[in-house]
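Q: Dropping the sequence and predicted coords here.
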Amino acid sequence: MAYAEEDRNSYEVCKEAADWLRARAARRPRIAIVCGSGLGALADVLDSRTAFLYEDIPHFPRSSVSGHVGRLVFGELNGQPCVCMQGRFHSYEGHSLSTVTFPIRVFFLLGVEILIVTNAAGGLNPHFQVGDIMFIRDHISLFGLGGQNPLRGPNDERFGVRFPCMSDAYEQDLLSLAMESAQELGFLSFTREGVYCLQAGPSYETIAECRLLQALGADAVGMSSVPEVIVARHCGLRVLGISLITNKAVMSYSSQEKANHEEVLRVSVLRAEALQKLISHLLGKLGESTNSL
Ligand SMILES: O=P(O)(O)O[C@H]1O[C@H](CO)[C@@H](O)[C@H]1O
């Protein structure tokens, strides 16, 4: 099927990809997990795995960033049927926002109910440490405020309404369950909650920009996740967002610190196991609470 790039996430194109996957995946996933930079190993611990390279799935984009493998992995985590994106798409790679968010609509058409987005992010909150896990309470989209929203263009009611609400983007019940999981695992000393700010990248922030974002109320900054969350909420998915603080944003001209992707990947990999345990524990809880949530 030929289509203009901005039409990649049309209902028909998404359905072709979803139908292709449904014909090949053993079970319908209830939960989709987007693995952030360096966090893709989560997909390798799923039970009863079936993996598909993005390049083999109809209409799927390719990922080009180091730390993002480029596979969709179906399987079970703690008894819950899941699908993991081992590698996400970013607008700085040159993708349109409809391409960046295409997999989310495919997940919706596959019957996914819950989206867990993970990412690596720079810490703006002075109380945050490298290695902290931050549950996303809310976001600031510098894209959205500047006129770039993944829902821009004609609205297809089969996905959702023209003007979706975002004040409840990150579900309180999921956040509470995630916090409970962190407590039960003894992770509270490095678990936080906060506001994630999206900037376009690929350059990291200047010192003045970090100061500005902090003054705006952001606790962490990154280059992803928000478009995925907006599209997920548009089609009614419940969302949990998790940032791993891989570096502290540089706030002072006397600092010798320099943000770099190697450091981001190094810290992600160090915390990947804790994050896997946390998500697995949470999924167990979601299984127990299927009827109440
Ligand atoms: O958000 P994820 O994909 O985890 O990756 C983060 O890490 C990369 C920069 O080091 C950027 O892509 C930023 O968004």
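A: Cool, got the structure.
Q: Leu145: how many residues sit nearby?
A: 11 (other C-beta atoms under 10 Å). (Glycine included, C-beta is placed from N, CA and C.)
Q: Please report phi then psi for it.
A: phi -70, psi -30 (degrees, to the nearest 10).
Q: same deal with Ser252?
A: Note on Ser252: backbone dihedrals following degrees, to the nearest 10 are phi -130, psi 140.
Q: Which residue, other than its chain neighbours, is closest to it?
A: In this structure, Ser252 finds its nearest non-sequential neighbour in Ile207, 7.0 Å apart by C-beta to C-beta, 6 or more residues apart in numbering.
Q: Hmm, Ser254 and the one you found touching each other?
A: No - judged on C-beta atoms under 8 Å, Ile207 makes no contact with Ser254 at a distance of 10.1 Å.
Q: Show me which of those two is the more surrounded one.
A: Taking neighbours as other C-beta under 10 Å, Ile207 and Ser254 compare with Ile207 leading, 13 against 4.
Q: Give me the local confidence score for the more buried one.
A: On the pLDDT scale, Ile207 is placed at 96.
Q: Let me see the contact set for it.
A: When contacts are counted by C-beta atoms under 8 Å, 6 or more residues apart in numbering, Ile207 touches Val250, Met251, Ser252, Tyr253, Ser255.
Q: so how far is the ligand from it?
A: To the ligand, Ile207 is 17 Å away according to C-beta to the nearest ligand atom, to the nearest Å.
Q: Next, give phi and psi for that residue.
A: phi -60, psi -40.
Q: Quick one: classify the residue positioned nearest the centre of the chain as helix, strand or coil.
A: By C-alpha atoms, centre = their mean, the chain has its centre lying nearest to Val117, at 2.5 Å. Using DSSP: H, G, I helix; E, B strand; the rest coil, the three-state assignment for Val117 comes out as strand.
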